[in-house]
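*Asks:* my questions are about this predicted structure, shown below with the sequence.
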Amino acid sequence: MRITSSLVLVVALAACGSVAPASTPGLFGGGSSTSSGSAHLTSGGTSGTAATTSTSTTRGTVGASTSGATSTTQVTSSCPGYADPNTAASCHCGSGHTCGANNCYGGWYCELSDNKCVAPPSNCSSVGPTTGTASTTGTASTTSSGASTTSSGASTTSSGALGTGGGTVSELKFAVVGDTRPCNGPTDPYPTQIISTIYSDIQASGALFTVATGDYMFADPTTNEGASQLQNYVTARQGFSGPLFPTMGNHECNTDTTGECDDTGNIVSGSSAGSQSQSFQAFQQALLAPIGQSKAYYSIPISDPNGQWTAVFVFVAANAWTTAQSTWLDATLKAAQQANTTYVFLVRHASEHEGSGTSTPGTSGSEEVIRNGGYHITLRLVGHTHEWKFETGTPEVISGNGGACDSNSGAPASGQDWGYMLITRQSDGTLQVAEMDYTSNAPVATTTYSP
């Protein structure tokens, strides 16, 4: 494993107007002015010698585009005001996604008042698409049977096609964000504005999908508080059009770090043991069902359409750890190893090395499976500690500064701000990880991991 780090120092000046935030050329598509030097990097827990770069650029929005025209006929849906996945509508199908007849992906509905894709409304029956339209960068027409023809070649082959079950992408570029819950309890304000800003930033970054590291709520698991908070989350993440792959956190069981639920959401240990966790059910319905997952642990395969690399994202439900999940994890990692998968990402709520999450049942349990099987993990993506950090000595990054405050302070961890991580595969196959500030959408620090 090779880890290199760099720190980007961002200086904002203002005088009767706004100043464009900083960015990095190549990664964010802007111009820059650079001065080289060296600095001792200690931010986020990583130390070393780093090049100092001063950059300035104009921040813009990176959006998907398609050429050619698509004609749809809007018909009456069985859910008033919305078009289900099997009903033609005029929402926008982002490039690289396979969408339903309503031009939304992942089983989402098209809200007819403003042609916006939304999670299945609570008063509507959730249905899956029986036919789909693939959005491409070439001129395309789609028939009612879901077949498409292209006059400019197979653009979906070169650019890839990514859906809620994985797929192919020509560029491995994704975001990681976690711990987006209220600070200290269900009566605290939900950090909707912070989450909304972060997801708008992710959209502008060009990330193709997002991995979430858990804790979307702070609720009494015996009430429906979690469902209400998750609706806020689903609304706030609408600024990002790509797929969201979520990890279960301890707050999706019963809030206890050591609490445990089974596969159906029954609380088997910790507070409210013996009860059904409505928080777990809300997590299943709001975040897992739209990507076709029935269990809180699952894997997502993603690869280059031309066979240059393969990747698998393995999602561990550390607070729903069972013998069945342990067996599944062993089989999943073994299959990845036998297939010589280039990148194996283990996504889990808590780190084995930081904070109270070390006592979470599935944290130690999953690490035991990894050690016993001798499996190689390219990078662990975790959260829980309400901070961002590049771990030293182990391939792991912590992205837990998505809106939850640090203890009772009402603010992020000392010396940090809210944000997300942007991970991009470089031309040499290494992975660049950038911690992104949520106000400027500029990189705070970067590091690089080898596969």
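*Replies:* Received, thanks. These figures come from a predicted structure and were not determined experimentally.

*Asks:* how close does Leu162 sit to Thr394?
*Replies:* The gap separating Leu162 from Thr394 is 29 Å, by CB to CB, to the nearest Å. From N, CA and C alone the C-beta is placed, and that goes for glycine too.

*Asks:* ditto for Cys91
*Replies:* 43 Å.

*Asks:* thinking again about what came up before, which one of Leu162 and Thr394 has more residues nearby?
*Replies:* Neighbour count, other CB atoms under 10 Å: between Leu162 and Thr394, Leu162 has more, with 23 against 13.

*Asks:* so what's the more buried one bridging to?
*Replies:* Gly167 (DSSP bridges).

*Asks:* hang on, it packs against Ser241?
*Replies:* No: with contact defined as CB atoms under 8 Å, Leu162 does not count as touching Ser241 (11.4 Å).

*Asks:* and Phe313, that's in a helix?
*Replies:* No: applying DSSP: H, G, I helix; E, B strand; the rest coil, one finds Phe313 to be strand, outside a helix.

*Asks:* tell me the bridge partners for it.
*Replies:* With DSSP bridges as the rule, Phe313 is bridged to Ile300, Phe345.

*Asks:* for it, give me its contacts.
*Replies:* Contacts for Phe313 (CB atoms under 8 Å, 6 or more residues apart in numbering) come out as 166, 211, 245, 299-302, 345, 347.

*Asks:* do the same with Ser271
*Replies:* Per CB under 8 Å, 6+ apart, neighbours of Ser271: 221, 254-256, 259.

*Asks:* and what of Glu225?
*Replies:* 186, 217, 219, 279.

*Asks:* make CSV from those residues and add neighbour count to it.
*Replies:* CSV is the format used below for those (neighbours: other CB atoms under 10 Å):
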residue, neighbour count
Pro186, 17
Met217, 26
Ala219, 26
Ser279, 33
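
*Asks:* rank the contacts of Phe313 by pLDDT and give me only the lowest.
*Replies:* Least confident of the contacts of Phe313 in the model: Gly166, at 94.

*Asks:* does that one touch Ile300 like I think?
*Replies:* Yes: between Gly166 and Ile300 there is a contact under CB under 8 Å: 4.4 Å.

*Asks:* between the two, which one's more packed in?
*Replies:* More crowded of Gly166 and Ile300, by other CB under 10 Å: Ile300, with 23 against 19.

*Asks:* and that one, what does it touch?
*Replies:* Contacts of Ile300 by CB under 8 Å, 6+ apart are 165-166, 245, 312-313, 315.

*Asks:* for Ser228, state which of those is nearest.
*Replies:* In terms of CB to CB, no member of the contacts of Ile300 lies closer to Ser228 than Phe245, at 22.9 Å.

*Asks:* ok, which stretches of the stretch 351-451 of the chain are helices?
*Replies:* When secondary structure is read from DSSP state H, counting those that start in this stretch, the stretch 351-451 of the chain shows helices at 361-373.

*Asks:* shaky segments in it?
*Replies:* 356-358, 407-409 (pLDDT under 70).

*Asks:* swap in 80 and give it another go.
*Replies:* Applying pLDDT under 80 to the stretch 351-451 of the chain flags the ranges 354-359, 406-415.

*Asks:* how about the strands of it, start to end?
*Replies:* In the stretch 351-451 of the chain, the segments counted as strands under DSSP state E, counting those that start in this stretch are 379-382, 388-390, 396-399, 419-425, 431-437, 443-449.

*Asks:* I'd like the mean pLDDT over stretch 250-257, please.
*Replies:* 80.

*Asks:* same thing with stretch 109-120?
*Replies:* 74.

*Asks:* kindly report the domain assignment for the chain.
*Replies:* Using automatic domain parsing, the domains assigned to the chain come out as 67-150, 166-449.

*Asks:* tell me the most buried of the ones you listed?
*Replies:* domain 166-449 (a mean of 21; mean count of other CB atoms under 10 Å).

*Asks:* please, where are all the helices along this protein?
*Replies:* 155-159, 192-205, 225-236, 278-283, 323-338, 361-373 (DSSP state H).

*Asks:* reformat those helices as TSV; add distance to Leu422.
*Replies:* Output for these, formatted as TSV (distance: least, CB to CB, whole Å):
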stretch	distance to Leu422
helix 155-159	20
helix 192-205	5
helix 225-236	19
helix 278-283	25
helix 323-338	24
helix 361-373	25
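
*Asks:* of all these, which one comes closest to Cys405?
*Replies:* helix 192-205 (10.0 Å).

*Asks:* that closest one - contacts with which helices or strands?
*Replies:* Helix 192-205 is packed against strand 173-177, helix 225-236, strand 419-425, with contacts defined by 3 or more CB pairs under 8 Å, 6 or more residues apart in numbering; DSSP states H and E.

*Asks:* contacting residues around it?
*Replies:* Counting by CB under 8 Å, 6+ apart, 28, 59-63, 173, 175, 177, 180, 210, 232-233, 235-242, 402-403, 418-420, 422, 436, 438-439, 441 sit against helix 192-205.

*Asks:* follow-up on the earlier one: using CSV, please lay out the helices and strands packed on helix 192-205 together with distance to Glu387.
*Replies:* Output for the helices and strands packed on helix 192-205, formatted as CSV (distance: least, CB to CB, whole Å):
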stretch, distance to Glu387
strand 173-177, 13
helix 225-236, 20
strand 419-425, 10
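
*Asks:* what's the closest of these to Ala411?
*Replies:* strand 419-425 (13.2 Å).

*Asks:* Thr165 reaches Ile291, doesn't it?
*Replies:* Rather than Thr, residue 165 is Gly. Yes: between Gly165 and Ile291 there is a contact under CB under 8 Å: 7.3 Å.

*Asks:* re earlier: the contacts of Phe313 into JSON lines, with extra columns for distance to Gln308?
*Replies:* Output for these, formatted as JSON lines (distance: CB to CB, whole Å):
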{"residue": "Gly166", "distance to Gln308": "16"}
{"residue": "Val211", "distance to Gln308": "21"}
{"residue": "Phe245", "distance to Gln308": "22"}
{"residue": "Ser299", "distance to Gln308": "21"}
{"residue": "Ile300", "distance to Gln308": "19"}
{"residue": "Pro301", "distance to Gln308": "15"}
{"residue": "Ile302", "distance to Gln308": "12"}
{"residue": "Phe345", "distance to Gln308": "17"}
{"residue": "Val347", "distance to Gln308": "23"}
